[in-house]
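*Asks:* Need the 3D shape of this:
(2 chains)
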2 protein chains.
Amino acid sequence: MALTWQERGLKKRESTLAKIPIEWRLPEPIPSAEAQKDVTGPYVQQFLSAREIEITESDAVKITENTTTGKWTATEVVTAFCHRAALAHQLTNCLHEIFFDQAIEHAKNLDSAFAAGNGPTGPLHGLPVSFKDQFHVKGVETTMGYVGWINTFEGVKGTGKEKNVESELVREAKALGGIPFCKTSLPHTVMSGVTGNNIVGLTLNPSNRLVSCGGSSGGEGALISMRGSPIGFGTDIGGSIRIPSGLNGLYGIRPSFGRLPYVGAANSMPGQNSIPSVCGPMATSIGSLRLMMQSILSQQPWLHDPAVVNMPWREAEFAQVPADGKLTFGLLFSDGVVNPQPAVKRAFEKVVQVITSMGHELIEWDPPSHKTAVAFAFESYTADGGLDIWHHTGLSGEPPPPFVGELYYGDDGKTKAPKTVDQIWDTNVRLRQYQKEYMDYWNRTAKLTKSGRPVDAILTPVSAVAAFTFDKQIPIGYTPWVNTLDYTSGVFPVTKVDKDIDVRDTNYQPISDEDKERWEQYDPELEHGTPVGMQLVGRRFQEERIICLVELISGALATK
Amino acid sequence: MALTWQERGLKKRESTLAKIPIEWRLPEPIPSAEAQKDVTGPYVQQFLSAREIEITESDAVKITENTTTGKWTATEVVTAFCHRAALAHQLTNCLHEIFFDQAIEHAKNLDSAFAAGNGPTGPLHGLPVSFKDQFHVKGVETTMGYVGWINTFEGVKGTGKEKNVESELVREAKALGGIPFCKTSLPHTVMSGVTGNNIVGLTLNPSNRLVSCGGSSGGEGALISMRGSPIGFGTDIGGSIRIPSGLNGLYGIRPSFGRLPYVGAANSMPGQNSIPSVCGPMATSIGSLRLMMQSILSQQPWLHDPAVVNMPWREAEFAQVPADGKLTFGLLFSDGVVNPQPAVKRAFEKVVQVITSMGHELIEWDPPSHKTAVAFAFESYTADGGLDIWHHTGLSGEPPPPFVGELYYGDDGKTKAPKTVDQIWDTNVRLRQYQKEYMDYWNRTAKLTKSGRPVDAILTPVSAVAAFTFDKQIPIGYTPWVNTLDYTSGVFPVTKVDKDIDVRDTNYQPISDEDKERWEQYDPELEHGTPVGMQLVGRRFQEERIICLVELISGALATK
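*Replies:* Predicted structure coming up:
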């Protein structure tokens, strides 16, 4: 008898868990989230050797300094991260695919080549790299969270491509000496800020397992936050790199479309090109993001992905602060729908203070409506009326993730009709007009700054809330506008929720029904310890500049 | 009583002609095309002073050398070109909008500023620049060839935008010191290789008025070929810059989408973003194209057009020949549907010979099917089933240009249905796969070349025919594949049809029905004197490299 989707999901989940060696299994019973909210730092360290801790708590920059000079072997580095990733998965449910054997074998080959006098394979020699489960790695399955994709290639049976395809980004990471070792969880459909699916279940926030790690690149967020991976790749069509980076205390970058290679990866609605998804790295330090961006671009991805533009890393032109050292930041505190809650507000103000103390200028950011920008994004996500997501959930009969299905229903409760070609083209025209208006606004800020130059970057929260439980969706107003504008955004950690400081403001006057609801839900006790990040948003194709500015600000934050 | 579309078109045509000063009118009767095929060179020179000839037969490089140093005034330069453009229009029907007064006034202002000690306005100081009638110039109407657009803004009445909007490219050209002075003809709908519409009628090829100047940027082709403008801008969605450049003996470049600013210009199907239209310059020398590209990019168009990528002119990296001086060219002689006719074949062989004599390598170009590429292009052009073109022709009741309407009818004689969103998204996915296959093929040529590097550029004809009469469409297989791949293509002049050399091959074996028909139509006597160009095609965003290679080859051609 055919298995139900529940059974098929469970079977896959168990087969993944079974790939964890016995010696890396946690003693049963694994404590509940209530019993052990925070499993980062000291908690997970108890299962690791001092050497493993040293390795896994190094960032990608330090790791590659050691591996490329032969101080550390690729094998010991990869093995340590495999161990810690195994622990992370048992505690937070962050992995879809485990291929530690393949990775350790790969590491041994790199070590042999190094020992034979060939030197490092590349700047990422021996660096473990994790991938959101949209990327194909040879020898490994990709389900993208869909039960119906198990034992198929992107939902199609018998193509001969199963476990036999490698996404361009994976190929390039390997060519640079990087070692893929696991693939991380995401909500199937990739259209949710909550990471969970019918295979692996919910992925927990390692700093606070009572709340979500965010999404859709939530597995990366949880894994890297656990130091189970030094660096990994997520994707972002509405905040999916930035939200989990923020909620897990990480650095992440959402590059502009066409900067990094996405070709050969699975995706939802892959033909939707009005507001396309992009891929980008998430890591434990800003230096790691810089290293990864530089390294990938050194592979000339524009010769291998038709969507990538011929644009090398531009250190001299863009990765440096202007000669006079004067910068201006636009401040965008609220999306006007849900105001930042106490810890987010405090984080925002902390960064403002740091920027001020560095002598930079701040102006209020008062652009064309972000509500319009967010509406454009949702118009594009739902343009097919759900044909794509219903097709892929229909392969197994599973339901879509919570809150996702409803995006595709109209106010009348019926499935939305797919848009017609003239509606799509009309959206594209209006979208370009909006982008132009926003650009003109940005240019006009030159009249408001002391330097006479336009604003360098916008400081804005990643989300109004610092944490949210699994029965809720993240309020979404702070991230999709960046996708609508195809801007570069870098996320960096600022603080953690502190129940003693971030108390509920009982006199607060909500600005909307949703704001009121979120205010009522705010629970400092529950959220205590959850990381809070901020984003710095730059113009299109300003990855170098944004990394430079995040380095500047987080360097200053670190000294506070 | 309301005017018919014929009457409205005629009225507009007459009002344009009336803007030509009496002293620049040609003596009546203007000779027929039969009586005077070639109106370039000596024929048009008889109506000009020696000084006017000196100025108008200088290229944009020489003109700006003289204007930016004060040797020539902007006023005398612009006036000379206005005069010659007026003659060109009377002989070839190449203009839609004449605004000589406005241009001369503009030139006087630049001269005053120069005389006041302000120096040149920019690198294009005093350079007349013509624009295809998709670009808006303040004070001037834009009809894009549609009768229904007369006295409207892009077909809409009473917007307040009429004659009051300036396209970004026009703004930048002016900021650089360039002087718009006329706008040129195109087929309404912009979807034809024949330039003609119900306002201005047919635009003739100045070297051979019995045949078409090509299209859709045919007015630019005819005007610049007449030396009525030193440089102008066309647009290209399937060959519309390259075909008229080739047929009129000009240099033209089709940049990749996102290199030059198109924002704020009128277009057909402006929301169609699968295979988008691009704008690019056409001129009398390759140096002029280099000057224009460099100048426009110095304006940082990426800060003003959301579709433009942040990519300055990259002289050092891309605009130079490799250090070892060794290049490889891929040779693509035929599109496999209509073989190049005698003069085109001779031009191709001439370039091959020149490349060989320079010591460069040549390999056969054997890529993924170009028929597939051309089919993708037509799939995108017609995705709305003609909604856009029927709307705009419907404003006046006029018919579309010959051969265009039928693109939107199926084999059953009925109007094609607009595509559904899933069809469009499916096309986008297959398109990306095709682009990737093509890219991989290009990469693999590294295994075939002596240098071990992939092919530098592809040499291929612009069209199978050197000329075609007004009752025919150009065979289209040689250009839209470049749009499908978003490659950079540069066109350069090679030769002219010579009835004594390019004789009919009576033993020719046609490769298709269309090839047979074209072969039967071939008439060396009729085509005699028509220019023949070739294109060099480079990868995406290789404008610098292609201009460099065209310079190299046309420099060598000039010495033969």
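*Asks:* what about chain A, any weak spots by pLDDT?
*Replies:* A:1 (pLDDT under 70).
*Asks:* Report the contact partners of the residue of the stretch 101-250 of chain A found nearest chain B.
*Replies:* Residue nearest to chain B within the stretch 101-250 of chain A: A:Glu168 (8.7 Å; C-beta to the nearest C-beta). The way it works is simple: take the backbone N, C-alpha and C, and place the C-beta from them, glycine included. For A:Glu168, the contacting residues are A:261-265, A:301, A:304-305, by C-beta atoms under 8 Å, 6 or more residues apart in numbering or on different chains.
*Asks:* Buried ones among these?
*Replies:* A:261-265, A:301, A:304-305 (16 or more other C-beta atoms under 10 Å in any protein chain shown).
*Asks:* Can you tell me which of the residues you listed comes closest to chain B?
*Replies:* For the buried ones among the contacts of A:Glu168, the nearest to chain B is A:Val263 (5.8 Å; C-beta to the nearest C-beta).
*Asks:* Chain neighbours aside, what residue packs nearest to the residue nearest to the spatial centre of chain A?
*Replies:* Note on chain A: the residue nearest the mean C-alpha position is A:Ile241, at 2.2 Å, using C-alpha atoms, centre = their mean. Of all residues not flanking A:Ile241 in the chain, A:Gly234 sits nearest, at 4.3 Å (C-beta to C-beta, 6 or more residues apart in numbering or on different chains).
*Asks:* Over to stretch A:235-242 now: how far is its first residue from its last?
*Replies:* Stretch A:235-242 has an end-to-end distance of 9 Å (C-alpha to C-alpha, to the nearest Å).
*Asks:* hmm, back to that, look up phi and psi at the closest residue to the residue of the stretch 101-250 of chain A closest to chain B other than its chain neighbours.
*Replies:* Excluding the flanking residues, the one nearest A:Glu168 by C-beta to C-beta, 6+ apart is A:Pro261, at 4.2 Å. With angles defined as degrees, to the nearest 10, A:Pro261 sits at phi -80, psi 130.
*Asks:* Chain B contacts on the stretch 401-550 of chain A?
*Replies:* Residues of the stretch 401-550 of chain A lying near chain B by C-beta under 8 Å from any C-beta of the partner chain: A:418-422, A:424-429, A:432, A:435-436, A:438-440, A:443, A:485-486, A:539-542.
*Asks:* which of those count as buried?
*Replies:* A:418-422, A:424-425, A:427-429, A:432, A:435-436, A:438-439, A:485-486, A:539-542.
*Asks:* Show me what the longest helix along chain A is packed against.
*Replies:* Secondary structure of chain A per DSSP state H: the longest helix is helix A:421-444. Under the contact definition 3 or more C-beta pairs under 8 Å, 6 or more residues apart in numbering or on different chains; DSSP states H and E, helix A:421-444 sits against helix A:370-381, helix A:480-485, helix B:387-394, helix B:421-444.
*Asks:* Give me the angle between the helix or strand just after the last one and helix B:421-444.
*Replies:* Read it as helix B:421-444. Next in sequence after helix B:421-444, counting helices and strands by DSSP states H and E, comes strand B:457-461. With axes from the mean of the first three to the mean of the last three C-alpha atoms, to 10 degrees defining the directions, strand B:457-461 sits at 110 degrees from helix B:421-444.
*Asks:* which other residues reach strand B:457-461?
*Replies:* Strand B:457-461 is contacted from outside by B:246, B:327, B:329-333, B:340, B:344, B:347-348, B:351-352, B:355, B:365, B:478, B:534-538, B:545-546, B:549, using C-beta under 8 Å, 6+ apart.
*Asks:* domains of chain A?
*Replies:* Following automatic domain parsing, chain A resolves into domains at A:5-22+A:39-266+A:273-307, A:320-383+A:419-558.
*Asks:* If you tally nearby residues, what's the number for the nearest residue to A:Glu162 once chain neighbours are set aside?
*Replies:* In space, and not counting its chain neighbours, A:Glu162 is closest to A:Phe153: 4.8 Å by C-beta to C-beta, 6+ apart. Using other C-beta atoms under 10 Å in any protein chain shown, A:Phe153 is surrounded by 19 other residues.
*Asks:* Cross-check the contact I'm expecting between A:Phe153 and A:Thr143.
*Replies:* No. Using C-beta atoms under 8 Å as the test, A:Phe153 is too far from A:Thr143 to be in contact (10.7 Å).
*Asks:* Pull up the gap between the residue in the stretch 351-500 of chain A that chain B sits nearest to and A:Asn151, please.
*Replies:* Chain B sits closest to A:Trp425 of the stretch 351-500 of chain A, with a gap of 2.7 Å, by C-beta to the nearest C-beta. Distance, A:Trp425 to A:Asn151, by C-beta to C-beta, to the nearest Å: 39 Å.
*Asks:* and what of A:Asp500?
*Replies:* On the measure of C-beta to C-beta, A:Asp500 and A:Asn151 end up 51 Å apart.
*Asks:* Neighbour count: the two, which is higher?
*Replies:* Higher neighbour count among A:Asp500 and A:Asn151: A:Asn151, with 13 against 7, using other C-beta under 10 Å.
*Asks:* For that one, give me its contacts.
*Replies:* A:141, A:157, A:162.
*Asks:* which among those residues end up buried?
*Replies:* Here the buried ones among the contacts of A:Asn151, as counted with 16+ other C-beta under 10 Å, turn out to be A:141, A:162.
*Asks:* for the residue of the stretch 151-300 of chain A found nearest chain B, what are its contacts?
*Replies:* Among all residues of the stretch 151-300 of chain A, A:Gly271 sits closest to chain B, at 2.7 Å; criterion: C-beta to the nearest C-beta. The contact partners of A:Gly271, by C-beta under 8 Å, 6+ apart, come to B:424-429.
*Asks:* Return the member of these nearest to chain A.
*Replies:* B:Trp425 (2.7 Å).
*Asks:* Which of the domains of chain A has the highest mean neighbour count?
*Replies:* With neighbours taken as mean count of other C-beta atoms under 10 Å in any protein chain shown, these reach their highest mean count in domain A:5-22+A:39-266+A:273-307, at a mean of 23.
*Asks:* What is the linear distance spanned by that domain between its boundary residues?
*Replies:* End-to-end for domain A:5-22+A:39-266+A:273-307, by C-alpha to C-alpha: 36 Å.
*Asks:* same check, this time on stretch A:322-338
*Replies:* Using C-alpha to C-alpha, first and last residues of stretch A:322-338 are 35 Å apart.
*Asks:* How about it and chain B, touching?
*Replies:* No. Stretch A:322-338 does not reach chain B (C-beta under 8 Å from any C-beta); its nearest approach is 15.2 Å.
*Asks:* So for the residue in the stretch 451-560 of chain A that chain B sits nearest to, what's the nearest residue that isn't a sequence neighbour?
*Replies:* Closest residue of the stretch 451-560 of chain A to chain B, C-beta to the nearest C-beta: A:Phe541 (4.1 Å). Spatial nearest neighbour of A:Phe541, chain neighbours left out: B:Asn310 (4.1 Å); criterion: C-beta to C-beta, 6+ apart.
*Asks:* do the same with A:His360
*Replies:* A:Leu327 (4.4 Å).
*Asks:* ok, now A:Tyr487?
*Replies:* A:Val537 (5.3 Å).
*Asks:* so the one you found makes contact with A:Thr484?
*Replies:* No. Here A:Val537 does not reach A:Thr484: they are 11.8 Å apart, not a contact under C-beta under 8 Å.
*Asks:* got a list of what A:Trp24 touches?
*Replies:* A:Trp24 touches A:82-83, A:86-87, counting by C-beta under 8 Å, 6+ apart.
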